[in-house]
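> sequence unknown, structure follows:
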C-alpha cells in the first residue's frame, strides 16, 4: 500500500514554516552571541580595549574626585569622559547638589556626565580628594588600564579605568591608601578582575591606619 500523497500546497506551507523557524532560531542565536561579546562572556575585548587600554593620554580636566576628561576622541566628541573604576566617595559629609558640568566638557552639545547632572543629590567628595586628583593628574600624561569585565558605566557611558600617573603609581589606589575614597567593585561572574582584591587590601590598610576619612572611628566601624 503506497503512502498518501501530500497536497503540493500543504507541502509548500510546511516548507515555508520550517524556513521561518530556522531563520528565527539563527537570528536569536546571533543576538545572543552579540550580547555575550559585548558583556565579555566570550572574553572578547572590543574597541574600548583597543583604543584605550594600556595607552597614554593627557588629562585635560578634573571634574571631581573620580571623574576626568582626557584629550582623546570618543565617537563624535573631541574628548573622553573617564571615571576612576572601583571607587566611591567616602561616607562622610552631607549630600549636596552635583557640580555643574561646563559646556566645554561636551563640545558637541550632549552632556558627558548626564547622570551626574540629572541626579538631584549625591555624596560630596572631600575637598582634599579633588585637590589631590588635580595635583596628581590634571594636565599630566596618564596611562589607562581598563577593568576585566565592563569598560563603560551602564548609566552614564563614562569610560571606566584605573589611571596610572607619570610616576607609575595608580591614582585609584592612591586615593584609597589616603582614605580619600572607598572601594566599590561590582560583583561579576566569569573572569575575575585583578584590581578588586588589591583595592580591598589597600582600603583595609587605610582603615587600620585611620587615615583620611577613617580618622573618624564611627566611619571606620561602620565599614568593618
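Yes, it's here. These figures come from a predicted structure and were not determined experimentally.

> When you work out contacts or count neighbours from here on, use the C-alpha atoms and nothing else.
Will do.

> Wait, a helix at residue 58?
No - using DSSP: H, G, I helix; E, B strand; the rest coil, the assignment for residue 58 is strand, not a helix.

> State which helix of this structure is the longest.
Assignment by DSSP state H gives helix 8-38 as the longest helix of the chain.

> Let me see the mean pLDDT of that one.
Here helix 8-38 scores 74 as its mean pLDDT.

> Downstream of that helix, the next helix or strand is which one?
Counting by DSSP states H and E, the element after helix 8-38 in chain order, helix or strand, is helix 47-52.

> Can you list the buried residues in that next one?
Buried residues in helix 47-52, counted by 16 or more other C-alpha atoms under 10 Å: 49, 52.

> just stretch 80-96 next, same as before
Quick answer for stretch 80-96 (16+ other C-alpha under 10 Å): 80-91.

> and if you look at stretch 56-74?
Applying 16+ other C-alpha under 10 Å to stretch 56-74 flags 56-72 as buried.

> hey, where'd the strands end up in this protein?
Along the chain, counting by DSSP state E, strands occupy 56-62, 67-70, 80-84, 87-88, 95-96, 122-123, 141-145, 159-164, 182-183.

> now these in JSON lines, with distance to residue 194 and mean pLDDT?
Converted to JSON lines, the strands of the chain look like this (distance: least, C-alpha to C-alpha, whole Å; pLDDT from 0 to 100):
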{"stretch": "strand 56-62", "distance to residue 194": "20", "mean pLDDT": "96"}
{"stretch": "strand 67-70", "distance to residue 194": "22", "mean pLDDT": "95"}
{"stretch": "strand 80-84", "distance to residue 194": "15", "mean pLDDT": "95"}
{"stretch": "strand 87-88", "distance to residue 194": "15", "mean pLDDT": "91"}
{"stretch": "strand 95-96", "distance to residue 194": "32", "mean pLDDT": "42"}
{"stretch": "strand 122-123", "distance to residue 194": "27", "mean pLDDT": "50"}
{"stretch": "strand 141-145", "distance to residue 194": "11", "mean pLDDT": "96"}
{"stretch": "strand 159-164", "distance to residue 194": "11", "mean pLDDT": "95"}
{"stretch": "strand 182-183", "distance to residue 194": "14", "mean pLDDT": "92"}
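
> Format those as JSON lines; extra columns: distance to residue 47.
Output for these, formatted as JSON lines (distance: least, C-alpha to C-alpha, whole Å):
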{"stretch": "strand 56-62", "distance to residue 47": "16"}
{"stretch": "strand 67-70", "distance to residue 47": "17"}
{"stretch": "strand 80-84", "distance to residue 47": "14"}
{"stretch": "strand 87-88", "distance to residue 47": "24"}
{"stretch": "strand 95-96", "distance to residue 47": "36"}
{"stretch": "strand 122-123", "distance to residue 47": "31"}
{"stretch": "strand 141-145", "distance to residue 47": "14"}
{"stretch": "strand 159-164", "distance to residue 47": "12"}
{"stretch": "strand 182-183", "distance to residue 47": "27"}
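
> Right, I'll call it a day here.
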